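Chemist: Here is my input, please return the structure:
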Amino acid sequence: MAEKTGAVPGGKSTSGSAKKTEKGMTRGTKRKISRVLSRVLLSFLLVILLVFLLIWTLIFAVAHGPSKSMRNLLVGAAMQASATKFVPYLVLSPDKVSEIMAEAAVENVEVYSPTEFSSRFIKKIVTDSNGNRYEITVLANDDGTALITDSDGSTQLVEYNEWDYAIDGIQFITVNRANFKAYMLIIRDPSRIYTATSSDFSDSSVSGKRFYEMAEQENCVALINGGEFSDPGGQGNGGAPQGLTFSKGKCVWDDGTSWKTFIGFDSNNRMVISEGLTSASAKAAGIRDGVCFRPTTKSSSSRLIYTDAKGSVHVSNYNTSSPAQRSAIGQRADGAVIFITTDGRSASSLGASYNDMTQLMYEYGAVNAGMLDGGSSAVLYYRDYFKLYEYDESRLDQYQKMGLVNKYVAATAPRHIPTFFCVAPSK
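Modeler: Numbering: from 1, shown residues only. Predicted coordinates:
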């Protein structure tokens, strides 16, 4: 009689018992893993909650603590970026936030006569025949001579030309200050500066351009980000500017918000800084290129320095000292155009204030200057700068190797932007 495979006394199969045991072990193991994962997740959520409460407590303490200046500084800094605008409202009422921002926007203006302003010493960069570059403090004369201040405070009258050995009519300068690092381009010929646009703005679904896309599109030598643009909740596509925009003599955008600060150039290559400019008045003034920047009616004007019709120079300072990544554009009395962008949001460079930007423009000779959009929009591109000035490329990040001069600090790729001020190749 054949034996029954797997049979045991009592008629029960050993293989069936083993299967039940395996299933039981599997269910038990799954329950244990589930409990462990639940505990890990709960612990993780608890840590997040504790961190949030700690941050909220610190913010609340600063907002309602004894230091009004610290509170205003941090509120101003948070309101600079789209992604952090909500933070002040966690601990302050909307009315209080508005009050703080309105106080920061108060403009204090010093007015200089044409003679006073033209007789001040300004900083310039001189390159010698060996490529060595020197910063000097000069008082330039119309006859090509200049009074130069030495390190010991003495002065001497010399002949010099800052453009003799400059590369392609451009000076490249880095400036280190206590709270920020700034990057400057001074372009000799203002006719090379123009507003480049990412599209014709007829289709709102078309995104703006990133800096390297615009550099390729325009084949430009350098560029700096331009004016303000629609960015609801920090999630906009950068496809359309705000305010008035002119490019190469044409009005390419006008949404009617004429209270914004217009910053641009006329047909004589002179910089125009104007409040309340309309498309009609811009055309009458011969505007060829320009953008607008002023986030809200209660925010600071974007004027830093401007010269009125009588030649008097107005230098603006504001009550705010909030640091941020910033960009600005200016023009010297000799027509040379100044681009400035600063680093920010890092331990080595917290960022610059409005007044810091005014000071830089003042020191380097601007007679007209205006603030451009900032934060993660602040970009300064200069083609092949690291080769022209023999930078160590191993120390540059991916965007700097693409021509970005400043340090881009954000969790996402560089922003889509609708307008840029570009520098055309020399003629």
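Chemist: what's the distance between stretch 394-407 and the middle of its chain?
Modeler: The chain centroid and the centroid of stretch 394-407 are separated by 15 Å, computed with CA atoms, centre = their mean, to the nearest Å.
Chemist: ok, and what's touching it?
Modeler: Under the contact criterion CB atoms under 8 Å, 6 or more residues apart in numbering, stretch 394-407 has outside partners 181, 183, 211-212, 215, 325, 341-343, 346, 349, 378-386, 393, 408, 414. C-beta coordinates here come from the backbone N, C-alpha and C atoms, glycine included.
Chemist: Which of those residues fall in helices?
Modeler: Counting by DSSP state H, the contacts of stretch 394-407 place F211, Y212, A215, Y385, F386 in helices.
Chemist: can you put those in a markdown table and add distance to I329?
Modeler: Supplementary listing: these in a markdown table, determined by distance: CB to CB, whole Å:
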| residue | distance to I329 |
| --- | --- |
| F211 | 15 |
| Y212 | 20 |
| A215 | 17 |
| Y385 | 18 |
| F386 | 23 |
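Chemist: List just the nearest of these to T296.
Modeler: F211 (25.7 Å; CB to CB).
Chemist: can you count the residues close to the closest one?
Modeler: 24 (other CB atoms under 10 Å).
Chemist: And the strands in the stretch 51-200 of the chain, which stretches?
Modeler: Under the criterion DSSP state E, counting those that start in this stretch, the stretch 51-200 of the chain contains strands at 107-112, 122-127, 133-140, 145-149, 155-159, 170-176, 181-187, 193-197.
Chemist: With distance to R332, mean pLDDT and mean neighbour count added, can I get these in a markdown table?
Modeler: Formatted as a markdown table, the entries for these read as follows, by distance: least, CB to CB, whole Å; pLDDT from 0 to 100; neighbours: other CB atoms under 10 Å:
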| stretch | distance to R332 | mean pLDDT | mean neighbour count |
| --- | --- | --- | --- |
| strand 107-112 | 15 | 90 | 12 |
| strand 122-127 | 8 | 88 | 18 |
| strand 133-140 | 10 | 85 | 16 |
| strand 145-149 | 14 | 83 | 16 |
| strand 155-159 | 19 | 83 | 11 |
| strand 170-176 | 11 | 95 | 17 |
| strand 181-187 | 8 | 97 | 22 |
| strand 193-197 | 13 | 98 | 23 |
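Chemist: List the contacts of the one residue sitting closest to the centre of the chain.
Modeler: In the chain, the C-alpha nearest the mean C-alpha coordinate belongs to A378, at 2.1 Å (CA atoms, centre = their mean). Residues counted as contacts of A378 (CB under 8 Å, 6+ apart) are N225, Q325, R326, S327, T341, T342, G344, L372, N406.
Chemist: element containing T29, please.
Modeler: helix 14-64 (DSSP states H and E).
Chemist: Mind checking the pLDDT average for stretch 226-245?
Modeler: This predicted structure assigns stretch 226-245 an average pLDDT of 87.
Chemist: hey, which helix or strand in the chain has the poorest pLDDT?
Modeler: Among the secondary structure pieces of the chain, namely its helices and strands, helix 68-78 has the lowest mean (mean pLDDT, DSSP states H and E), a mean of 65.
Chemist: Show me the shaky parts of the chain.
Modeler: Regions of the chain meeting the criterion pLDDT under 70 cover residues 1-25, 27, 55-56, 58-70, 72-86, 99-100, 102, 104, 233-234.
Chemist: how does it look with 50?
Modeler: Across the chain, the ranges flagged by pLDDT under 50 are 1-13.
Chemist: Walk me through the domains of it.
Modeler: Described in terms of automatic domain parsing, the domain architecture of the chain consists of the residue ranges 29-104, 107-423.
Chemist: Centre of the chain to the longest one, how far?
Modeler: Here domain 107-423 shows a centroid-to-chain-centroid distance of 11 Å under the convention CA atoms, centre = their mean.
Chemist: and that domain, how far apart are its ends?
Modeler: With CA to CA, to the nearest Å as the measure, the first residue of domain 107-423 is 31 Å from its last.
Chemist: that older thread, looking at the domains of the chain, which is buried most?
Modeler: Comparing those by mean neighbour count (mean count of other CB atoms under 10 Å), domain 107-423 ranks first with a mean of 18.
Chemist: Quick one: the strands in the stretch 301-427 of the chain, in order.
Modeler: Using DSSP E, counting those that start in this stretch, the strands found in the stretch 301-427 of the chain span residues 303-307, 313-318, 327-332, 337-342, 366-372, 380-382, 419-423.
Chemist: If anything else comes up later, I'll come back, but that's it for now.
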